[in-house]
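> Sequence and predicted structure are below.
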Amino acid sequence: MSAKSLVDEMKRGLDAPICLTWELTYACNLQCVHCLSSSGQRDERELSTDEAKKILDDLRDLQVFYINIGGGEPMVRRDFFELLEYSVANGIGVKFSTNGAFIDEEKARRLAAMDYLDIQISLDGVDAATNDAVRGEGSYDMAIRAMENLKAANFGQFKISVVVTRHNVSQLDQFKALADHYGAQLRITRLRPAGRGADTWHELHPTNAQQREIYNWLLKHGENVLTGDSFFHLNALGESLPGLNMCGAGRVVCLIDPIGDVYACPFVIHDEFKAGNVRDEGGFAKVWKQSDLFVSLREPQSAGACASCGAFDACQGGCMAAKFFTGLPLDGPDPECVGGDADEALSIISRGSEPKPSMDHSKPVTLTRKKLPVSASH
Amino acid sequence: MSVALESVLEIHPQVAVRPETFGALAYHYGNRRLIFLKHPDVVTVVQSLNSHPDVQSTLTACGVAPERWPSFVAALSSLETSEVVRERQIAS
Ligand code: SF4
Ligand code: SF4
């Protein structure tokens, strides 16, 4: 079977997700300007420990191999370690994303003693100025301290996870060097206009010239750098990047949010992409297998305005979330279409008229946003 | 090691196999790799390896016709490289 027909199979959906993200809480000690889930404050409807364990039982029965745990900051949950241990004991590997605030020496040793555990430390700049402009004051030191502690505890290979923005594209080599220094693996992903990111995307997303830079960099380093296959819209520039090049939303990807709502992907927290709730009868398995939304996403999708584009096979029209939250039609080009085919449509959409995420758990205090550093390419 | 008909293989103990319509997904908990087994017959063979003395007897037991053996040996070789299967270890 060729790679192409394999992708066709994936598009028809799998019996269980291979990329399931579970956000444990909307609470977070930080307030990143591009937070995909608009996190900040805990939601009183969040799942209890028992409910969370019940989900893990369901995932074990579905033979889900591993889950990506995130938030908010997942480590603020008091039952965080209990759930980690329960998951691993159930044969479900865990990769969790954290800003590192709570990985002190003792926690680092505890994490290092566990099997089947991956840790992803978020870092969006190789220096405090670049990072903290996006992730907040003190967040750079926080992440570095966590990495030092993991290294000292001999955790092994953790991951450094970078959201690529206009201001850190030029630091890709330095990120790689930093990862090498810690014996870590670098992961870079695409910035999507989701959550608070919808408000900041226009200023933060890489320029067209920078997109080419990312593409060339990935062609050179792609085998050693993880991307969550998130840059497939760049395949329209030529040779395809490694990975599964398709939008997996509702087919191989999904999100369980802190209150148990199931969305097609972590970047589409909006009623339109909500498939159900794990508290409904039948639980997660029923939502995954039978929800109207997921069933319809697994049907052949129209290429719309992209149909006449020679690059469609490689680029697939890009990311559904990116189109949705920039107000573009879902069956047309991605807002970052490298051919510039979305530019006109984007330019006439009134800013502020785009769909808004259905949930906002941002802290009420209006943060005085520091001015972003001026990018070198301007 | 490269796989031959005489090879004595087993599923890697850190690998879980989940059936899918196109074949199966295999996940290696050690190296965290996800591997696509793209043919139902390959899945059957992989899952039967542990119950037969060697590759050839597994293929025979799974009803794979001899003219297809070379391609199955090749498929098993690549699965050995990705550590889905390995040389059988004597239980310690
Ligand atoms: S027009 Fe559509 S398919 Fe073509 S490059 Fe742009 S987004 Fe991709
Ligand atoms: S909507 Fe975008 S982020 Fe979500 S699975 Fe599709 S391509 Fe990925």
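Perfect, I can see it now. Ligands and ions are numbered 1, 2, ... in the order given.
> Tell me which residues touch the residue in the stretch 51-200 of chain A positioned nearest to ligand 1, please.
With CB to the nearest ligand atom, the shortest gap between the stretch 51-200 of chain A and ligand 1 falls at A:R190, namely 13.6 Å. To be clear about C-beta, it is placed using only N, CA and C from the backbone, and glycine gets the same treatment. A:R190 is in contact with A:163-164, A:227, A:230-231, A:233, A:319, counting by CB atoms under 8 Å, 6 or more residues apart in numbering or on different chains.
> need the contact list for the residue of the stretch 151-300 of chain A found nearest ligand 1.
Closest to ligand 1 within the stretch 151-300 of chain A is A:A236: 3.6 Å, counting by CB to the nearest ligand atom. Residues in contact with A:A236 (CB under 8 Å, 6+ apart) are A:309, A:311, A:314-315, A:337-339.
> For chain B, see how far away it is.
25 Å (CB to the nearest CB, to the nearest Å).
> Quick check, pLDDT for the residue of the stretch 51-200 of chain A closest to ligand 1.
pLDDT, A:R190: 97.
> still on that earlier bit, which one among the contacts of A:A236 gets closest to chain B?
A:A314 (19.9 Å; CB to the nearest CB).
> and the longest helix for chain B?
Counting by DSSP state H, the longest helix found in chain B is helix B:69-81.
> just the helices in the chain please.
Let's take chain A. Using DSSP H, helices in chain A cover A:3-11, A:49-61, A:80-89, A:105-112, A:128-135, A:139-152, A:172-181, A:197-204, A:208-221, A:283-290, A:292-297, A:312-315, A:320-325, A:343-348.
> ah, no, chain B please
B:40-48, B:55-61, B:69-81.
> pLDDT (mean, whole number) over stretch A:118-126?
Mean predicted confidence for stretch A:118-126 is 98.
> what distance separates the start and the end of that stretch?
22 Å (CA to CA, to the nearest Å).
> ok, and does it reach over to chain B?
Yes. For stretch A:118-126, a contact with chain B is found by CB under 8 Å from any CB of the partner chain, at A:D118.
> contacting residues around the residue nearest to A:K323 when sequence neighbours are not counted?
Spatial nearest neighbour of A:K323, chain neighbours left out: A:L330 (5.4 Å); criterion: CB to CB, 6 or more residues apart in numbering or on different chains. By CB under 8 Å, 6+ apart, the residues touching A:L330 are A:304, A:320, A:323-324.
> before we move on, the earlier item: show me which of the helices of chain A has the highest average neighbour count.
helix A:320-325 (a mean of 26; mean count of other CB atoms under 10 Å in any protein chain shown).
> That one near ligand 2 anywhere?
Yes. Using CB under 6 Å from any ligand atom, helix A:320-325 reaches ligand 2 at A:320-321.
> nearest spatial neighbour of the residue in chain B that chain A sits nearest to, skipping sequence neighbours?
In chain B, the residue that lies nearest chain A is B:Y27 (3.7 Å; CB to the nearest CB). Leaving aside its sequence neighbours, B:Y27 sits nearest to A:F65 (CB to CB, 6+ apart; 3.7 Å).
> what does the model give that neighbour for pLDDT?
A:F65 is given a pLDDT of 95.
> list the contacts for it?
Here A:F65 is in contact with A:18, A:92-93, B:16, B:18, B:25, B:27, B:29, B:34 (CB under 8 Å, 6+ apart).
> Now render the residues you listed as TSV, adding distance to ligand 2, neighbour count and pLDDT.
Shown next, in TSV, are the contacts of A:F65 (distance: CB to the nearest ligand atom, whole Å; neighbours: other CB atoms under 10 Å in any protein chain shown; pLDDT from 0 to 100):
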residue	distance to ligand 2	neighbour count	pLDDT
A:I18	12	20	92
A:I92	21	21	96
A:G93	20	21	95
B:A16	24	18	93
B:R18	20	18	93
B:L25	18	22	93
B:Y27	20	22	94
B:Y29	24	19	91
B:L34	16	14	89
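> can you list the residues of the stretch 101-250 of chain A near ligand 1?
A:A236.
> which residues touch stretch B:3-14?
B:1, B:17, B:28-30, B:46-47, B:49-50, B:53-56, B:59, B:69, B:73, B:76-77, B:80, B:83-89.
> Partner strands of the lowest-mean-pLDDT helix or strand in chain B, with direction?
Least confident helix or strand, chain B: strand B:33-37 with a mean of 89, by mean pLDDT, DSSP states H and E. Note on strand B:33-37: by DSSP bridges, its sheet partners are strand B:23-28 (antiparallel).
> Hey, what's the angle from the partner strand to helix A:3-11? Just curious.
90 degrees (axes from the mean of the first three to the mean of the last three CA atoms, to 10 degrees).
> low-confidence ranges in chain A?
A:1-4, A:365-378 (pLDDT under 70).
> Give me the most central residue, it.
For chain A, the residue nearest the mean C-alpha position is A:P266 (6.2 Å; CA atoms, centre = their mean).
> quick one, what contacts that one?
Contacts of A:P266 (CB under 8 Å, 6+ apart): A:21, A:23, A:36-37, A:70, A:194, A:253, A:255.
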